[in-house]
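Enquirer: This is the structure alone, sequence omitted:
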């Protein structure tokens, strides 16, 4: 896999292969009953996708392990050489279905808004996202070379990474919740009380709350279980795409790991920039638990 430079799509840096199909993605027609799962990369995407799939399959573990998560919840804008693009995979998928995206608000196909689709957005604190994204950049070879940790952190703060600014992403989706059927969740809340957050998802999806089912889903979607599950840990993909010997796709799954990577100077600089970029927003994140 050649590490190509990012390509701008309406001002948003995108992976080259993804950017090349965005005109087709923009024409995608959502079904009114489709469920969209949206996240900024490395914010617990696979976790919430597995939770939703288990809810829809009523906790049937065997059914959830028939296919990898990226086939059960197709990735709308995904594009790699030698495989079907995400939107093409969705065209073959029985509808309605669950769809994953990392697109910022302004790049999401208009049909999702027009059809008033239900949406779940999962957000994670910026510092942990930056660290996780750095390791992901290294192992997922569709990304450009990340450089040093300090170089990557500067790119992250400037929004010069795939899918653009974390700040714009989380804020714009937060603002959209006022006008859309949207459940906005936080990674740190899911770590603190997964059963409570899973119940929120079930209520949002209008599924009856069954305590035993909630406990079962909580267990099978725990980091420990998902990390050793080949249908969720992305080890099904060839190492030419994702090299788990560099860093596993499911690395730590904790809140607060940023403290092991940020220097004092980096943290102070980041905090000052964070305050500037989040001014005026009502969004609040736990930076540690």
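Expert: Structure's in. What do you need? Being a predicted model, the structure only gives us computed values, none of them experimental.

Enquirer: where does the residue nearest to residue 147 when sequence neighbours are not counted fall, helix, sheet strand or coil?
Expert: Distance criterion C-beta to C-beta, 6 or more residues apart in numbering; nearest residue to residue 147, sequence neighbours excluded, is residue 155 at 7.7 Å. For the C-beta atoms, the positions are set from N, CA and C on the backbone; glycine is no exception. Per DSSP: H, G, I helix; E, B strand; the rest coil, the secondary structure class of residue 155 is helix.

Enquirer: Next, count neighbours for residue 155.
Expert: 20 (other C-beta atoms under 10 Å).

Enquirer: Could you check how far it is from residue 204?
Expert: 34 Å (C-beta to C-beta, to the nearest Å).

Enquirer: Could you report the separation of the nearest residue to residue 60 once chain neighbours are set aside from residue 220?
Expert: Spatial nearest neighbour of residue 60, chain neighbours left out: residue 54 (7.9 Å); criterion: C-beta to C-beta, 6+ apart. Separation of residue 54 from residue 220 (C-beta to C-beta): 6 Å.

Enquirer: who touches both of these two?
Expert: 61, 64 (C-beta atoms under 8 Å, 6 or more residues apart in numbering).

Enquirer: More neighbours: which of the two?
Expert: Ranked by neighbour count (other C-beta under 10 Å), residue 54 and residue 220 place residue 54 first, with 21 against 18.

Enquirer: Just confirm the more buried one contacts residue 217, I think it does.
Expert: Yes. Using C-beta atoms under 8 Å, residue 54 makes contact with residue 217 at a distance of 4.7 Å.

Enquirer: surely residue 262 meets residue 271?
Expert: No. The pair residue 262 / residue 271 is not scored as a contact, 9.8 Å apart, by C-beta under 8 Å.

Enquirer: Give the rounded mean pLDDT of the host helix or strand of residue 184.
Expert: Using DSSP states H and E, residue 184 maps to strand 182-186. In this model, strand 182-186 has a mean pLDDT of 98.

Enquirer: which residues are in contact with stretch 175-195?
Expert: Against stretch 175-195 from outside (C-beta under 8 Å, 6+ apart): 43-44, 47-48, 105, 113, 116-125, 128, 173-174, 196-197, 200-201, 204, 214-215, 218, 221-222, 254-255, 285-286, 289.

Enquirer: Mind checking which of those residues are in strands?
Expert: 118-123 (DSSP state E).

Enquirer: Filter the residues you listed down to the buried ones and express that as a PyMOL selection.
Expert: Buried residues within the ones in strands among the contacts of stretch 175-195, by 16 or more other C-beta atoms under 10 Å, are selected in PyMOL with:
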select buried, resi 118+119+120+121+122+123
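
Enquirer: List the contacts of residue 70.
Expert: 78, 234.

Enquirer: immediately after the helix or strand it falls within, which helix or strand?
Expert: Element membership for residue 70 (DSSP H and E) is helix 69-72. Moving toward the C-terminus from helix 69-72, the next helix or strand (DSSP H and E) is helix 86-92.

Enquirer: Let me know the average pLDDT across that next one.
Expert: Averaged across helix 86-92, pLDDT comes to 93.

Enquirer: list the buried ones in that helix?
Expert: 86-90.

Enquirer: just stretch 257-272 next, same as before
Expert: 257-258, 261-262, 266, 270.

Enquirer: Quick check: end-to-end length of it?
Expert: One end of stretch 257-272 sits 20 Å from the other (C-alpha to C-alpha, to the nearest Å).
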